[in-house]
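**Student:** I would like to see how this sequence folds:
(3 chains)
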Amino acid sequence: MHARKRIEIVVEAVRAESVTDLLDRLGAPGWTILPVTAGRGRQGLRRGGDPGGVFDNVLILCIASAEVAARVVAAQQELLGAKPAIVSISETEVLRAEHF
Amino acid sequence: MHARKRIEIVVEAVRAESVTDLLDRLGAPGWTILPVTAGRGRQGLRRGGDPGGVFDNVLILCIASAEVAARVVAAQQELLGAKPAIVSISETEVLRAEHF
Amino acid sequence: MHARKRIEIVVEAVRAESVTDLLDRLGAPGWTILPVTAGRGRQGLRRGGDPGGVFDNVLILCIASAEVAARVVAAQQELLGAKPAIVSISETEVLRAEHF
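**Tutor:** The predicted structure follows:
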């Protein structure tokens, strides 16, 4: 197993592409988007299915090297421009070093 | 980056609000709900889309301080009353200390 | 709290059952499946809702003992046969030792 970083970003669906574009530019090997149905944060409660869906959130999961994760942290000003509800980075391990 | 706890609870959708109400009362800064389509656990196999949806599960994700996480553990009797399939707490780091 | 492993596998929906069957055979106490709406990986970009849904991915979450996680790693040849986009294992803690 090989040590990697697990980056988890919760953001409005309409801003997800700006985040994944940033991850792409920073050299992330890939990312996965999961739907979010509801949440509460500093902006109060929100539920999916609002008219237009503009308040719907998604969770972007990205497994990357420590180097890429450090670039994400260094690019935090641009990342925070997408107004994410969560940016969380934790330790993980992967089977295939060549994939991440 | 700032050390926080990543609390992950899988529970029946109909009991999710009792869990998020508990998180709110314990001082969690927020939470995010993701849909679950199927699962196997001690109760056997279950799939989303059962009649009435009453067996549908959701995943509640909460990033919080160690203090809030300790309160969740201390409140486990109430939490387990919602019959969660999973209550898992791991280490993570966040960009913005003031948000979590 | 009791130390466990958090196993996270992203795989095509049509191959999910081969992964969960493997987890069952290796003694996993359970698993949870979350939908994935889009992703980018070595295979390029993919979005859910493709005709037939055969390219849709799911995320399989499994909390298990270190012993079961070691068996998953040992069975990696079979696991990788399902062509997962991600196989990631991290440390976590659970409330109830007897459940996992």
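**Student:** center of chain A, which residue is that?
**Tutor:** In chain A, the centroid-proximal residue (C-alpha atoms, centre = their mean) is A:I9; its distance is 2.8 Å.
**Student:** what mean pLDDT does the one helix or strand that one maps to get?
**Tutor:** Assigned by DSSP states H and E, A:I9 belongs to strand A:2-12. Per-region confidence: strand A:2-12 scores 97 on mean pLDDT.
**Student:** stretch A:37-47 now?
**Tutor:** The pLDDT scores in stretch A:37-47 average 85.
**Student:** what are the buried residues along that stretch?
**Tutor:** A:T37, A:A38, A:G39, A:R40, A:G41, A:R46 (16 or more other C-beta atoms under 10 Å in any protein chain shown). (Glycine included, C-beta is placed from N, CA and C.)
**Student:** near chain B at all, the helix or strand of chain A at the bottom of the mean pLDDT ranking?
**Tutor:** Ranked by mean pLDDT, DSSP states H and E, the weakest helix or strand in chain A is strand A:44-47, scoring a mean of 80. No. Residues of strand A:44-47 contacting chain B under C-beta under 8 Å from any C-beta of the partner chain: none, with a closest distance of 8.9 Å.
**Student:** name the nearest of the buried residues of stretch A:37-47 relative to chain C.
**Tutor:** Among the buried residues of stretch A:37-47, A:T37 lies closest to chain C (C-beta to the nearest C-beta), at 10.5 Å.
**Student:** tell me the spacing between A:L61 and A:V11.
**Tutor:** Going from A:L61 to A:V11 by C-beta to C-beta, to the nearest Å gives 12 Å.
**Student:** returning to what we had before: between strand A:2-12 and the helix or strand following the strand holding A:I9, find me the angle.
**Tutor:** For strand A:2-12, the following helix or strand on the C-terminal side (DSSP H and E) is helix A:16-25. Relative orientation of helix A:16-25 versus strand A:2-12 (axes from the mean of the first three to the mean of the last three C-alpha atoms, to 10 degrees): 150 degrees.
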